[in-house]
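Undergrad: A predicted structure for the sequence below; I have some questions about it.
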Amino acid sequence: MCGINGIYGKIPDSRERVAAMTQALSHRGPDAEGIFVDADMALGHRRLSVIDLSDGSNQPMSDASGRYTLVFNGEIYNFKSLRATLGAYHFQTSGDTEVLLAGLIRWGVGFLKECNGMFAFGFWDAQKKELLLGRDRLGIKPLYYARSGENLIFSSEIRSLLKSGLVPKALNKSVLGEYLRYQTVNGSNTLVDGVFILPPGAVMTVNEDEERIDTFWDLARSAEMGGVRQTYSDTTNLIRTRFEKAVESRLVSDVPFGAFLSGGIDSSAIVGVAAGFSSKPLRTFTVTFDEAEFSEAKYARMVADKFQTDHNEVRLSPNALIEDLPAAIAAMDHPSGDGINTYVVSKAAKESGITMVLSGLGGDELFAGYPIFQQISELQGKKWLLSFPSFMRRAMGSARAMAVPGVASEKITQVICEPYFDTEYAYQYSREVASREVNRQLLNVPLAGSSAVFDMVHAGVGYDTPGFRLPLLSRISYAELTTYLQSVLLRDTDQMSMAHALEVRVPFLDHALVQTVLGVPDKFKYPTSPKKLFVDAMGDLLPPEIVNRPKMGFSFPFDQWLRNELKSFCGDHIAALGARPEFNAKALGQRWNAFLKHDPRVGWSRIWYLCILEAWLSQNGIN
């Protein structure tokens, strides 16, 4: 796991600029630094050594001829088997970086279809004067880019791009409404004007004649639809086999490793499988709180005892969070309201001597673990509502909102006023933090015509797309995997774990497992109980107390903290945000006061991400 960057084009001081970019990534790679420069390309790399710890695997890495040079962030889990197919290449190292280099030289971007892993890379062909930028199938590792005249700049982080001096620190006002609506920016855009993120499963080709983006893997088209011809037993057996293989392949490491353990189904299953493959006790980490209703300590201990792990509890108090808050905000490369959690547990894991951990991220999105799966499924049986005129449906929703005030009622009103109940129409409200109407009040800039969430889900699994062939629950999984997971959870996990030079691996996002589960029919997956299909696949691995426990999610007691220990922090940042010309200070103040008065429509998450936005804008000098 590392940090990469580069500048394509003829820039006289490219070495100095890339050196500054690389220094900005030092937290991602404390073990080595490297810079490569020729007439048209400058590359930088910071290394976190996980596989093949020798200096020979330092980067940028060139082949023997000097024609090809690679900078690579991530892991190729099946690199040993791939290496065996590249016998003609004279390997100088035992790591996965050189395997990727050799594979790209021999087969070009087609080699990526054979790679099982998480990755982002820049591959330079000095003879053709061509740069390839690539990103893994599920978007686990980030890769940002920007243009400066005829030059192209790329990096693992936005902050590194800004250090090049070639990217203006200008706010992208066109996506402010997107951030306020979803606590992130979905799709290819970012909050910095002119900075984009390469799509998952994509390769960008840049040379003197063209710049284009092609895909080597498509989530909606990848589903293995053979599940309709299998029995339930066949399906659960296949899922268990692929899940165990996904966990085992992610245990390849030359450094100490462990696992995040919440005591929920997903992390417990990973710990159970990993413990079976490990020759010594697996190290596990859990965040606990004094507030009992938020603490998962007893469930995590139960799992740790069952699988005899070396268990570590990280007790967090509001005072400790406040102490860590400046550093956590400084670690944010792109703001979101959900990243502090990962910062805290990653810090504890790294301080204990761990360099790599396994995470249960992706299990809920893949196996229908969120309420939205059941809600949209049930909505399909209520299409008779569409026979009523929209004004009557709005009146129904408004009446319910008055009787039962709250966020859920507001979302129901919005959904039933849509012209259709298809996935993209209903799902766009599920991850909404503030409605478009609220955003109109908070912002002094125009809102985009449609949401990126709607556009992305419609393009992937809408009625007129190949993805519509997927079962309904898989279409919802597609929506979750391509928006919330990629733009919030994976982005937060990467930036907050790498702030401590900690690598996080996610077995649930193994592409072979994903392809299998997306093809499973709804009759096998329908959420009659939490993640029933996955639970059945795991058999007796999980204790009944874990399977049947109430779902809590990994959340801090922010509602209490924002009204007490973090009250002044939030009040100051809301006021500072209101002083910016893009925002309506009066509306922001009213929203803050509504939260303090326990208005059920304004929970803590509707305030916290606004504070984080202001902190991030100020920290990075975005204006």
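TA: Structure received. It should be emphasised that the depicted structure is a prediction, and the values quoted were computed from it without experimental measurement.
Undergrad: Assumed Gln308 was part of a strand.
TA: No - assigned with DSSP: H, G, I helix; E, B strand; the rest coil, Gln308 falls outside any strand and is coil.
Undergrad: hey, where'd the strands end up in the stretch 151-300 of the chain?
TA: With DSSP state E, counting those that start in this stretch as the criterion, the stretch 151-300 of the chain has strands at 151-155, 195-197, 202-206, 211-215, 257-260, 283-289.
Undergrad: And the contacts of the fifth one?
TA: Think strand 257-260. Around strand 257-260, the neighbours that count as contacts under CB atoms under 8 Å, 6 or more residues apart in numbering are 251, 267, 270-271, 274, 282-286, 309-310, 345, 349, 352, 354-360, 504. From N, CA and C alone the C-beta is placed, and that goes for glycine too.
Undergrad: In helices, which of those appear?
TA: Among these, DSSP state H puts Ser267, Ile270, Val271, Ala274, Val345, Ala349 in helices.
Undergrad: out of those, which is most surrounded?
TA: Neighbour counts for the ones in helices among the contacts of strand 257-260, by other CB atoms under 10 Å, peak at Val271, which reaches 30 neighbours.
Undergrad: so what's the residue nearest the centre of the chain up against?
TA: Nearest residue to the geometric centre of the chain (CA atoms, centre = their mean): Leu490, 1.4 Å. Under the criterion of CB under 8 Å, 6+ apart, the neighbours of Leu490 are Leu138, Gly139, Ile140, Leu361, Val506.
Undergrad: Mind doing that once more with 6 Å?
TA: Contacts of Leu490 were listed using CB atoms under 6 Å, 6 or more residues apart in numbering, and they are Ile140.
Undergrad: SS state for it?
TA: Counting by three-state DSSP, the backbone at Leu490 sits in helix.
Undergrad: begin at 52 from here
TA: Sure thing, new numbering starts at 52, so read that last one as Leu541.
Undergrad: Roughly how far does it sit from Ile405?
TA: When distance is defined by CB to CB, to the nearest Å, Leu541 is 20 Å away from Ile405.
Undergrad: Count the neighbours of Met353 for me.
TA: When neighbours are defined as other CB under 10 Å, Met353 has 16 of them.
Undergrad: same deal with Lys433?
TA: Lys433: 10 neighbours (other CB under 10 Å).
Undergrad: Grab the nearest non-local neighbour of it.
TA: Spatial nearest neighbour of Lys433, chain neighbours left out: Phe472 (7.4 Å); criterion: CB to CB, 6 or more residues apart in numbering.
Undergrad: Got the confidence number for Glu374?
TA: In this model, Glu374 is scored at 83, pLDDT.
Undergrad: And Trp435, by the same measure?
TA: Per-residue pLDDT puts Trp435 at 64.
Undergrad: separation between the residue nearest to Asp147 when sequence neighbours are not counted and Val150?
TA: Counting by CB to CB, 6+ apart, Asp147 lies nearest to Phe130, which is 3.6 Å off, once chain neighbours are set aside. Using CB to CB, we find Phe130 at a distance of 4 Å from Val150.
Undergrad: ditto for Ser284
TA: 37 Å.
Undergrad: burial of Asp187, as a residue count?
TA: For Asp187, the neighbour count with other CB under 10 Å is 26.
Undergrad: I'd say it and Met169 touch.
TA: Yes - the criterion here is CB atoms under 6 Å, and Asp187 meets it with Met169 at 4.8 Å.
Undergrad: So between Ser284 and Val150, which is more surrounded?
TA: Neighbour totals were compared for Ser284 and Val150, and Val150 leads with 25 against 9 (other CB under 10 Å).
Undergrad: Count the neighbours of Asp543 for me.
TA: Residue neighbour count, defined by other CB under 10 Å, stands at 24 for Asp543.
Undergrad: Setting the sequence-adjacent residues aside, check what's closest to it.
TA: With CB to CB, 6+ apart, the residue lying closest to Asp543 is Gly390, at 3.6 Å.
Undergrad: what do you get for Gly314?
TA: The shortest distance from Gly314 to any non-neighbouring residue, by CB to CB, 6+ apart, is to Tyr350 (2.7 Å).
Undergrad: next one: Gly154
TA: Phe162 is the one closest to Gly154 (CB to CB, 6+ apart), at 3.7 Å.
Undergrad: doesn't that neighbour fall inside a helix?
TA: Yes - per three-state DSSP, Phe162 lies within a helix segment.
Undergrad: I'd guessed it sits against Leu152; true?
TA: No - contact status for Phe162 versus Leu152: not in contact, 10.1 Å apart, counting by CB under 6 Å.
Undergrad: These two: who's more crowded?
TA: Neighbour count, other CB under 10 Å: between Phe162 and Leu152, Leu152 has more, with 25 against 20.
Undergrad: What does the pLDDT read for that one?
TA: pLDDT, Leu152: 97.
Undergrad: just Glu344 next, same as before
TA: 54.
Undergrad: Neighbours of Ala626, how many?
TA: 14.
Undergrad: Ok, Phe328 next?
TA: Phe328: 13 surrounding residues under other CB under 10 Å.
Undergrad: ok, it - contacts?
TA: Counting by CB under 6 Å, 6+ apart, Phe328 touches Glu299, Leu302.
Undergrad: How much space separates it from Leu302?
TA: 6 Å.
Undergrad: same check, this time on Leu312
TA: 16 Å.
Undergrad: Settle it for me: which of these two has more neighbours?
TA: Higher neighbour count among Leu312 and Leu302: Leu312, with 32 against 17, using other CB under 10 Å.
Undergrad: separation between the nearest residue to that one once chain neighbours are set aside and Ile427?
TA: Distances taken as CB to CB, 6+ apart place Thr335 nearest to Leu312, at 4.1 Å, with adjacent residues excluded. In this view, Thr335 and Ile427 are 34 Å apart by CB to CB.
Undergrad: Over to Pro369?
TA: Pro369 is 36 Å from Ile427, by CB to CB.
Undergrad: can you pull the contacts of Cys53?
TA: For Cys53, the contact set (CB under 6 Å, 6+ apart) comprises Gly80, Arg97, Arg98, Leu99, Asn124.
Undergrad: how about 7 Å then?
TA: By CB atoms under 7 Å, 6 or more residues apart in numbering, the contact set of Cys53 is Arg79, Gly80, His96, Arg97, Arg98, Leu99, Asn124.
Undergrad: Report how many residues lie close to the last one.
TA: A count of neighbours around Asn124, defined by other CB under 10 Å, yields 32.
Undergrad: Repeat that for the one 4 residues further on.
TA: Around Tyr128 sit 24 other residues, with neighbours defined as other CB under 10 Å.
Undergrad: domain ranges for the chain?
TA: 53-268, 272-418+533-598, 422-522, 609-671 (automatic domain parsing).
Undergrad: Quick one: mean pLDDT over the shortest one.
TA: For domain 609-671, the per-residue pLDDT values average out at 94.
Undergrad: what about it, start to end distance?
TA: 25 Å (CA to CA, to the nearest Å).
Undergrad: Report the distance from it to the chain centre.
TA: In terms of CA atoms, centre = their mean, to the nearest Å, the centre of domain 609-671 is set 24 Å apart from its chain centre.
Undergrad: Kindly report the same for the longest one.
TA: Distance of domain 53-268 from its chain centroid, counting by CA atoms, centre = their mean, is 18 Å.
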